[in-house]
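> Here's my sequence, what's the structure:
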Amino acid sequence: MPQLALDGATLTYDDEGPRDGDGVPLVFIHGWTANRHRWDHQVAHFAPKRRVIRFDLRGHGESSGAGVRTIEELARDVLALLDHLEVERFALVGHSMGGMISQTLALAHPERVERMVLVNSISRMTYSRGRGLLMAASTLVPFKLFVATNIQRAFAPGYPREEIREYVKASADTPREVVMTLYRAMRAFDVLDRVGEIRTPTLLIHGYHDIQLPVAQMLRMAKAYPDALVRIVDAGHELPVEKPAELTAALDGFVTGRA
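The predicted structure follows:
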């Protein structure tokens, strides 16, 4: 299990697949309170034929480190890991907060990002007055209840409850300081007025039943992108595990240029 020591953190990562495989390496970035295993289905599909890199963000999964205040700091971690692995050009696949990190990288280093896929992600967090008050109030409840509430509502109606409980438990294992600091970082994230600068071929794929980051917000983002493909899937916010095969097929078509 390779690791990289980096600015008070240790990043645990997987680097799989042939170095001379098809296309540039795929870099998978998970979301808030998740870990690199959100991408198990996708990695199993792509690793036999091309280089695939995934990792646990600082403070998540098997990586150590305190929370950071901005999405930009997480993006710097990603770039440091890729520099360590001597990966100059790559394709990004980011889920939720991972999509925010991906957009940050595409804006800062467009010459290095060949393609980008944003899964259940947005460019600006926007709440109605009522929902904003509700979300603010939710931070005042006990930590485990805060995590459980957010994770349970991330899945579409009908998803098996026993599986949701396992994801709740894994998310609650993320240190409280990391969870709450990055929650505030996501609330402050806003590149909506800049995404028109992104010329990287981009796929926006989103769950229709996503109430964490509603599809209407994604469509607002899509209008700002100059040339993005948009796909809506019958799922909630946790598309990589709710509809893994459908997501993998969409990724395969896009990153190979067939879609």
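
> alpha carbons only for contacts and neighbour counts from here, please
Will do.

> Assess the claim that Ala222 and Arg231 are in contact.
No: with contact defined as CA atoms under 8 Å, Ala222 does not count as touching Arg231 (10.5 Å).

> So what's the residue count around Val207?
Residue 207: Gly, not Val. Number of residues near Gly207 (other CA atoms under 10 Å) recorded here: 26.

> Verify the stated contact: it with Ala235.
Yes: with contacts counted by CA under 8 Å, Gly207 reaches Ala235, the gap being 4.5 Å.

> so where do the strands sit in this protein?
3-6, 9-16, 26-29, 52-55, 90-95, 113-119, 202-207, 228-233 (DSSP state E).

> ok, the last one: who's next to it in the sheet?
Strand 228-233 has its sheet partners listed here by DSSP bridges as strand 202-207 (parallel).

> rewinding a little: look at Ala222 and Arg231 and report which has more neighbours.
Ranked by neighbour count (other CA under 10 Å), Ala222 and Arg231 place Ala222 first, with 22 against 13.

> which residue packs closest to the more buried one, ignoring adjacent ones?
Distance criterion CA to CA, 6 or more residues apart in numbering; nearest residue to Ala222, sequence neighbours excluded, is Ala228 at 6.7 Å.

> Could you report the neighbour count for the one you found?
Ala228 - counted by other CA under 10 Å - has 19 other residues nearby.

> could I get the strands of the chain as TSV with distance to Glu163 and mean pLDDT?
Shown next, in TSV, are those (distance: least, CA to CA, whole Å; pLDDT from 0 to 100):
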stretch	distance to Glu163	mean pLDDT
strand 3-6	29	95
strand 9-16	24	97
strand 26-29	22	98
strand 52-55	22	98
strand 90-95	19	98
strand 113-119	20	98
strand 202-207	18	98
strand 228-233	20	96
